[in-house]
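# requesting a structural model of the entry that follows:
(2 chains)
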Amino acid sequence: DQQVKQNSPSLSVQEGRISILNCDYTNSMFDYFLWYKKYPAEGPTFLISISSIKDKNEDGRFTVFLNKSAKHLSLHIVPSQPGDSAVYFCAASAHSNTGKLIFGQGTTLQVKP
Amino acid sequence: EPEVTQTPSHQVTQMGQEVILRCVPISNHLYFYWYRQILGQKVEFLVSFYNNEISEKSEIFDDQFSVERPDGSNFTLKIRSTKLEDSAMYFCASSEPSGGDNEQFFGPGTRLTVL
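Modelled structure (predicted):
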């Protein structure tokens, strides 16, 4: 049951350029979306989130765009830095007291110097 | 900066043995979670815990699993009789929800190896 999908397992970009990571979801009940970054042997680190009432949220070099009609969100990193190289997970939740997060499979980003 | 901590970082056990994975959530957080990630697969939700009781659990979280908050700081996951397929990274997370937002903070994980 893949309610959250990240169809690109990997992405390679040059330092200074834009990185665009994509995520699709199927459950229309999802109303909160998050991006996490994960290094090997560490837990996921929260990066940025967006509520379904918005279509864009920006935090420094990171911007998340939400297209509800397409059930699609994307994370833009600009400019990309070598330290951004990690696995990026998209996650979604439905408004509820439980707060369960449903994760995508992850996209490995490599930023080349 | 406050963080979620987990112990041990790596646990090796024999099939059929009981294991307890420990977590110390961020102190003012109210919701606690366990997730796991089998090697090469996605992070999967196991259970959420609020107000000293389970609020939701996944199909993975069967009778072999239990959670407990034995005191004001620890949150534990017990697997009563481990199976080979329980080998995974187990992540604890906590959150302080407000207005429906659910920014969860994850610990570094415990790698469980069942032999």
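
# neighbours of residue A:59, how many?
Counted with other CB atoms under 10 Å in any protein chain shown, residues neighbouring residue A:59 total 10. For glycine as for every other residue, the C-beta is placed from the backbone atoms N, C-alpha and C.

# what sits against residue B:111?
B:9-11, B:88-90 (CB atoms under 8 Å, 6 or more residues apart in numbering or on different chains).

# okay, and it sits in which element?
strand B:110-114 (DSSP states H and E).

# show me how to select, in PyMOL, the buried members of the contacts of residue B:111.
To isolate the buried ones among the contacts of residue B:111 in PyMOL, judged by 16 or more other CB atoms under 10 Å in any protein chain shown, type:
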select buried, chain B and resi 11+88+89+90
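
# got the contacts of residue B:111 as a markdown table, with distance to chain A columns?
Listed next are those as a markdown table, based on distance: CB to the nearest CB, whole Å:
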| residue | distance to chain A |
| --- | --- |
| B:9 | 9 |
| B:10 | 10 |
| B:11 | 15 |
| B:88 | 13 |
| B:89 | 8 |
| B:90 | 10 |
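
# which of the contacts of residue B:111 fall in strands?
B:10-11, B:88-90 (DSSP state E).

# now the strand holding residue B:111: average pLDDT?
In this model, strand B:110-114 has an average pLDDT of 97.

# and if you look at stretch B:89-103?
Rounded mean pLDDT across stretch B:89-103 is 79.

# re the thing from before, widest-spaced pair of the ones in strands among the contacts of residue B:111?
Maximum pairwise distance in the ones in strands among the contacts of residue B:111, criterion CB to CB, is 12.1 Å, between B:10 and B:88.
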